[in-house]
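A.B. asks: below is the structure, and that's it, no one-letter string:
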């Protein structure tokens, strides 16, 4: 029962982050925060599992692509790639302090934006 509740919590987190991104882009176009990327990175670092990284990155990417006019699959690929880099950084470097998490979040955000634009 507890694993079912955890899965529902993760789904609510992912869907809420995508809708927050859609609303932020609609009402605050000058403020660019990638809420779905934050959710994927949180799940990657909290669960420390490649399976959660691939599932959450794919789901968020395709859900975000369904609301954007761009090519389908681009955001999913970018989220999975960035989450994999974050997972490797978490495995090789202890990313447990606040400063290192902010630095990693900033770097992953830049990498994700670069992958989507290219």
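C.D. replies: Looks like it came in fine. Since we're looking at a predicted model, the values are computed, not measured.
A.B. asks: who touches stretch 108-118?
C.D. replies: 34, 37, 41, 70, 74-75, 77-79, 81-83, 85-86 (CB atoms under 8 Å, 6 or more residues apart in numbering). Every C-beta, even on glycine, is put in place using the N, C-alpha and C of the backbone.
A.B. asks: give the buried residues for that stretch.
C.D. replies: In terms of neighbour count (16 or more other CB atoms under 10 Å), stretch 108-118 has its buried residues at 108, 109, 111, 112, 115, 116.
A.B. asks: which of those lies closest to residue 2?
C.D. replies: Set against residue 2, the nearest of the buried residues of stretch 108-118 by CB to CB is residue 108 (29.5 Å).
A.B. asks: what about the helix or strand harbouring the closest one, distance to the chain center?
C.D. replies: Residue 108 belongs to helix 98-117 when assigned by DSSP states H and E. Centroid displacement of helix 98-117 relative to its chain, using CA atoms, centre = their mean, to the nearest Å, is 10 Å.
A.B. asks: can you check stretch 22-29 too?
C.D. replies: With CA atoms, centre = their mean, you get 18 Å for stretch 22-29.
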